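take this sequence and fold it.
(3 chains)
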Amino acid sequence: MGGEDKTTRSIHWFRKGLRVHDNPALVDACADATAVQPIFVLDPWFLTPSRVGANRVRFLLQSLTDLDASLRARGSSLLVLRGDPKAVVPAALRAWGCDRLTHEVDTEPYASARDAAVRDAAKRVGAEVKTFASHTLYDMERLLSKCPKGAPPTSYASFLKIAGSCGAVAKPAPPPPASMPGSPDGKSHVELVAMIEDVVSSAEVGVPTLEELGYPELPDDEGFPARGGETEGLDRLRRMLSRKTWIAEFQKPMTSPTSLWAVVGADGKTQKPANPFEAASKASKSKTVGAEAFLAPSTTALSPYLKFGCVSPRTFYHELKDVLNDAKGKHSAPPVSLEGQLLWREFYYLAAFGTPNYHKMEGNPICRQIPWTWDEERLAAWEEGRTGFPWIDACMHQLRQEGWLHHLARHAVACFLTRGDLFVHWEAGAKVFDRDLVDADPALNYGNWMWLSCSCFFYQYFRVYGPVSFGKKYDKDGTFIRKYLPVLKDMPAKYIYEPWTAPADVQKKAGCVIGVDYPPPIVDHAVASKECIEKLAVAYKAHKDGTNPLVGYKRKAGE
DNA sequence: GAAGGGTTGCACCT
DNA sequence: AGGTGCAACCCTTC
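Predicted structure coming up:
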């Protein structure tokens, strides 16, 4: 476009997509450019403990540090700015004399509104904005254009047809130049931030510490037991893909929600930690495990890397396909296979992209209107892991400690909070997950909460997960409970899922007296689940009849 | 309108 | 380990 004498100076704006590989926007920033400045804009107002848990923030900060190192290896570097991106990005374009802004497409409502505002402001300062869809396998605009009446499918089979009509998944983009253009006029980070001092909230330019963001210290051997970043993510991806038989035979519903983080050797065989009651995370960054091993639950634990874009879904997809092709047709298939998991992610991204008010019940056209309660006592007991059901509470403690839960454990606690037992609004549970999960992703999170609460996608409300039976099926001895709920570590296996049934002397001997050391069950599951099913039946009938089940419904107490 | 299928329920049966 | 009854949902296809 530009004349021959025109020189291009670019800003590449990282948000998600925290990677160098398969980053078409970063490659474009470098094309015909004399200067490229990669930036990440931290909004300290948004990044606070009430919105984002410490585990996810640490994962983000580790990812930023890794990204900076990768960029430095190419002669560039990541400038981490503080402030409102809507003000910071346009100001930087103008102050640094940049005429091109590149970034990845982000389809979340908050992000797309923000990006639209930045796009307008960039135009006013004479910069072109170039965006690329690389966070998903397919371009959501294109997928949505294939949907009948512009409405995303609510069934997976229908989704597969639509995806199939969009052709092959695009190959990953080529890497950026081994030697990237330097900063504008060769200026340092400190000099660059000084030029926009009126719009940044701090003159700091590096990756912050947790403390700087108002979080308590999180020791290395606590929390989510894997480091964030592209380097770690690609390493994990390839080690997982090297377990070829495991990959080919993978069936998600067959994986266990009670498996502890275990050392996975280079041979691909999972080995149990020497002592399952030791915090397995201690081994994660230590040398004792060795450079050729890492920790994993019964699944890949790649979701946080996909959430932040440390690992490209397209890279994942194509490298996975190569492994499956080697298996010569003898492998599992969607929806249960690993490929199926990547496609579930697309399914939810499309639903979120094409559905107004996707994140809530009211005004959401795909969401069943159900008169959930906002019972604060029940919600707090669930959130804080003191429902009196050890399996449920252990899961909630794992969520708190690690920011992680197996998919089926998420099902168990989500069903319990909503349609299974407590009849509390799914939005309340989704908010907790949104804060605490390392891999929290609104499209997947809100979609799954609608699924589990029988608000959309899944409607067999009479299939209720048992807060006693479900965990027991996988872990008869309660090893998972003993790890995450140490108050019950000495309870005999016979009673560990229902400690209130243990005789008084057994409780005393185990050091866990019900009502003193651990609460009695918050509900009688047999009674509560029956009542929930009846309420769902009434709400479904009202939906069929076209009557409004929410007449007189109070969204929250006091409203 | 009926039939078939739906990533991942439970309890009880063989 | 695999099959069935439970009471019966929805969406898609025919």
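
from now on I want contacts and neighbour counts done on CA atoms only, so please keep to that.
Noted.

what comes up buried for stretch A:516-525?
A:518, A:519, A:520, A:521, A:522, A:525 (16 or more other Cα atoms under 10 Å).

from DNA strand C, how far off is the closest residue to residue A:392 other than its chain neighbours?
Residue nearest to residue A:392 in three dimensions, not counting chain neighbours: residue A:413, with 5.8 Å by Cα to Cα, 6 or more residues apart in numbering. Remark: distance between residue A:413 and DNA strand C (Cα to the nearest atom of the strand, to the nearest Å) = 21 Å.

could you do residue A:199 as well?
Noted for residue A:199: a distance of 48 Å to DNA strand C, by Cα to the nearest atom of the strand.

next, count neighbours for that residue.
20 (other Cα atoms under 10 Å).

okay, it: pLDDT?
The confidence metric pLDDT takes the value 97 at residue A:199.

surely it meets residue A:90?
No: the criterion here is Cα atoms under 8 Å, and residue A:199 misses it with residue A:90 at 9.9 Å.

the helix ranked longest in chain A near DNA strand C at all?
Across chain A, the longest stretch assigned as helix under DSSP state H is helix A:525-545. Yes: counting by Cα under 7 Å from any atom of the strand, DNA strand C is contacted by helix A:525-545 at A:537, A:540, A:541, A:544.

what about residue A:138, how many neighbours?
Close neighbours of residue A:138, defined as other Cα under 10 Å, add up to 22.

doesn't it fall inside a helix?
No: checked against DSSP: H, G, I helix; E, B strand; the rest coil, residue A:138 lies outside a helix; its state is coil.

isn't it right up against residue A:167?
No: Residue A:138 lies out of contact with residue A:167 (Cα under 8 Å); the separation is 9.4 Å.

low-confidence regions, chain A specifically.
A:1-5, A:265-293, A:552, A:554-559 (pLDDT under 70).

so what's the residue nearest the centre of chain A up against?
Residue closest to the average C-alpha location in chain A (Cα atoms, centre = their mean): residue A:439, at 2.2 Å. Counting by Cα atoms under 8 Å, 6 or more residues apart in numbering, residue A:439 touches A:56, A:303, A:304, A:305, A:306, A:307, A:308, A:403, A:404.

check which helix or strand covers it.
For residue A:439, there is no enclosing helix or strand under DSSP states H and E.

neighbours of residue A:337, how many?
Neighbourhood size, residue A:337 [other Cα under 10 Å]: 19.

what's near enough to touch it?
A:248, A:249, A:250, A:251, A:252.

switch the cut-off to 10 Å
A:247, A:248, A:249, A:250, A:251, A:252, A:253, A:331, A:343 (Cα atoms under 10 Å, 6 or more residues apart in numbering).

before we move on, back to that, output the longest helix of chain A in PDB with nothing but the alpha carbons.
Output of helix A:525-545 as PDB, limited to C-alpha atoms (Å, rounded to 0.1, in the frame of the first residue of the first chain):
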ATOM      1  CA  HIS A 525     -29.000 -36.000  48.600                       C
ATOM      2  CA  ALA A 526     -31.800 -38.400  48.000                       C
ATOM      3  CA  VAL A 527     -34.400 -35.800  49.100                       C
ATOM      4  CA  ALA A 528     -32.600 -32.800  47.500                       C
ATOM      5  CA  SER A 529     -32.000 -34.300  44.100                       C
ATOM      6  CA  LYS A 530     -35.600 -35.500  43.900                       C
ATOM      7  CA  GLU A 531     -36.800 -31.900  44.600                       C
ATOM      8  CA  CYS A 532     -34.400 -30.500  42.100                       C
ATOM      9  CA  ILE A 533     -35.700 -32.900  39.400                       C
ATOM     10  CA  GLU A 534     -39.200 -31.800  40.100                       C
ATOM     11  CA  LYS A 535     -38.300 -28.200  39.800                       C
ATOM     12  CA  LEU A 536     -36.500 -28.800  36.500                       C
ATOM     13  CA  ALA A 537     -39.600 -30.700  35.200                       C
ATOM     14  CA  VAL A 538     -41.800 -27.700  36.100                       C
ATOM     15  CA  ALA A 539     -39.500 -25.200  34.400                       C
ATOM     16  CA  TYR A 540     -39.200 -27.400  31.300                       C
ATOM     17  CA  LYS A 541     -42.900 -27.700  31.100                       C
ATOM     18  CA  ALA A 542     -43.300 -23.900  31.400                       C
ATOM     19  CA  HIS A 543     -40.800 -23.600  28.500                       C
ATOM     20  CA  LYS A 544     -42.800 -25.900  26.300                       C
ATOM     21  CA  ASP A 545     -46.100 -24.200  27.200                       C
END
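
relative to residue A:354, which of the buried residues of stretch A:516-525 is nearest.
Nearest to residue A:354 out of the buried residues of stretch A:516-525 is residue A:525 (Cα to Cα; 36.8 Å).

leaving out sequence neighbours, find the closest residue to the residue in the stretch 101-250 of chain A that DNA strand B sits nearest to.
Going by Cα to the nearest atom of the strand, DNA strand B is nearest to residue A:156 of the stretch 101-250 of chain A, at 5.1 Å. Using Cα to Cα, 6+ apart and skipping residues adjacent in sequence, the residue nearest residue A:156 is residue A:347, 7.1 Å away.

the one you found and residue A:112, how far apart?
19 Å (Cα to Cα, to the nearest Å).

isn't residue A:90 right up against residue A:121?
Yes: contact criterion Cα atoms under 10 Å: residue A:90 and residue A:121 qualify, at 5.9 Å.

which one of those two has more residues nearby?
residue A:90 (25 against 18).

that one: which element?
If you go by DSSP H and E, residue A:90 is part of helix A:85-95.

what of residue A:10?
strand A:8-14.

what is the next helix or strand along the chain from that strand packed up against?
Next along the chain after strand A:8-14, taking DSSP H and E as the criterion, comes helix A:24-30. If you count contacts as 3 or more Cα pairs under 10 Å, 6 or more residues apart in numbering; DSSP states H and E, helix A:24-30 packs onto strand A:8-14, strand A:33-42, strand A:100-104, strand A:128-132.
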